[in-house]
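Undergrad: only the shape, not the letters, is given here:
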């Protein structure tokens, strides 16, 4: 059903009522969906605990959350694509979105109508996306809002859509492998290892006692890990996995309620712990430098453009450094000296300190440099993921196999003193 077109010429109070109505409707729908998925996930976990253990049930919920998250991201990318197309063709955004919504499915049509209503009511593009399209990350919506205030919403939106399309095209073939293969192998391995420890290892110990032989260091190490290391590791892994599932479900169905406490911890670890630190720093610096370059080209001063970037709220550690950079420039320090005080990378400080180069060209170069670095880092991480997973899982299989074959060889040597071989 097509929503009724509202008369938006009634002042600011009507605009606030529209925003409040959209937020309330979105919150109610998200809460209902969250409860349904939570109940379904609980049923899956309970069924898994009865048949195959708690880990497969939790993995099923995690897979469901990832599938729903992928669907919602595609929906958000479709909305951004329609906005980018309308800006490229210099069309009226409300009329273009209304025409696009008539040919779309139910959920995407609702999102396009909501964005159209917000834009017709006078909301900026970034705020309209943040209010009416919960599938779009808050960072992306605020980035578009900051670029719009600097007069560079077209290039910024075009760059966001292009990067997202390139990312999906480059990871499309490996998405299933990188997301589901580790979880499937981990769940299967834990189940098999638990069966070995509960059913096979006691038999080996009884046979070793009957023949009065030592099972060997490999077997003793396997037993020690199974009795003293694996249970607490499973508890920690289960808690982390349940927390990750809860955060993903929270992000999917309650995007308006931000988990600020956990987000601060994630931002701190993402900024300082390698290899995620290289990935996070390159993404934040590329996004910031591109927006600053667009603002400076549009005629804004660097502190004014940086003030708009601070509203994006990317990584909390990086945002604190940008605030320090902005405060130092307002206190009268030079651009390069303020960047050095804010502990920005040496490349940024050195490029800003180069004489003769225009500030806009320098910021544009830094944006392109960190964008390429982000792409290279993503490619390296994706390429190294499969070998690293193979080596880790292969090492685990080797240790378990040695722990089982060592007592068999010792038993053969005890039963056949003249045969066998030394391990």
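TA: Okay, I see it. This is a predicted model, so every value here is computed, not measured.

Undergrad: pLDDT-wise, which helix or strand of this structure ranks last?
TA: Lowest by mean pLDDT, DSSP states H and E among the helices and strands of the chain is helix 12-51, with a mean of 50.

Undergrad: show me what the top helix by length along the chain is packed against.
TA: Criterion DSSP state H: the longest helix present in the chain is helix 359-415. Packing partners of helix 359-415 (3 or more C-beta pairs under 8 Å, 6 or more residues apart in numbering; DSSP states H and E): helix 153-171, helix 175-195, helix 201-211, helix 217-224, helix 276-297, helix 346-352. Where you see a C-beta, it was placed from the backbone N, CA and C, and this is true even at glycine.

Undergrad: could I get those helices as TSV with mean neighbour count and mean pLDDT?
TA: Shown next, in TSV, are those (neighbours: other C-beta atoms under 10 Å; pLDDT from 0 to 100):
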stretch	mean neighbour count	mean pLDDT
helix 153-171	16	73
helix 175-195	15	71
helix 201-211	13	85
helix 217-224	17	87
helix 276-297	22	88
helix 346-352	17	92
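
Undergrad: would you reformat those helices as JSON lines and include distance to residue 368?
TA: Output for the helices and strands packed on helix 359-415, formatted as JSON lines (distance: least, C-beta to C-beta, whole Å):
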{"stretch": "helix 153-171", "distance to residue 368": "11"}
{"stretch": "helix 175-195", "distance to residue 368": "27"}
{"stretch": "helix 201-211", "distance to residue 368": "58"}
{"stretch": "helix 217-224", "distance to residue 368": "52"}
{"stretch": "helix 276-297", "distance to residue 368": "8"}
{"stretch": "helix 346-352", "distance to residue 368": "12"}
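
Undergrad: tell me the mean pLDDT for stretch 385-394?
TA: Stretch 385-394 shows a mean pLDDT of 83.

Undergrad: please read the previous query as pertaining to stretch 402-413.
TA: For stretch 402-413, mean pLDDT is 86.

Undergrad: what does that stretch contact?
TA: For stretch 402-413, contacts defined as C-beta atoms under 8 Å, 6 or more residues apart in numbering pick out 196, 200, 204, 207-208, 211, 213-219, 221-223, 419-421, 423.

Undergrad: at 10 Å what do you get?
TA: 196, 200-201, 204-205, 207-208, 210-211, 213-223, 225-226, 419-423 (C-beta atoms under 10 Å, 6 or more residues apart in numbering).

Undergrad: buried set for that stretch?
TA: By 16 or more other C-beta atoms under 10 Å, the buried positions in stretch 402-413 come out as 402, 403, 404, 406, 407, 410, 411, 413.

Undergrad: gap between it and the chain center?
TA: Centre-to-centre, stretch 402-413 and its host chain are 45 Å apart (C-alpha atoms, centre = their mean, to the nearest Å).

Undergrad: check stretch 278-289 too.
TA: In this view, stretch 278-289 has its centroid 15 Å away from the chain centroid, taken as C-alpha atoms, centre = their mean.

Undergrad: follow-up on the earlier one: so which of the helices and strands packed on helix 359-415 is nearest residue 238?
TA: Residue 238 sits nearest to helix 175-195 of all the helices and strands packed on helix 359-415, at 9.9 Å, using C-beta to C-beta.

Undergrad: outline the domain layout of the chain.
TA: As recorded under automatic domain parsing, the domains making up the chain are 12-171, 258-423.

Undergrad: can you redo these as CSV with distance to residue 186?
TA: Converted to CSV, the domains of the chain look like this (distance: least, C-beta to C-beta, whole Å):
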stretch, distance to residue 186
domain 12-171, 8
domain 258-423, 8
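
Undergrad: so which of those comes closest to residue 243?
TA: Closest approach to residue 243 among these (C-beta to C-beta): domain 258-423, 8.3 Å.

Undergrad: returning to what we had before: wait, which of the helices and strands packed on helix 359-415 is closest to residue 375?
TA: In terms of C-beta to C-beta, the element of those nearest to residue 375 is helix 153-171, at 7.8 Å.

Undergrad: returning to what we had before: which one, of the domains of the chain, ends up nearest to residue 234?
TA: Residue 234 sits nearest to domain 12-171 of all those, at 7.9 Å, using C-beta to C-beta.

Undergrad: residue 232: which of the domains of the chain is closest?
TA: Of all those, domain 12-171 sits nearest to residue 232, with 15.0 Å by C-beta to C-beta.

Undergrad: just the endpoints, please. Distance across stretch 192-205?
TA: One end of stretch 192-205 sits 19 Å from the other (C-alpha to C-alpha, to the nearest Å).
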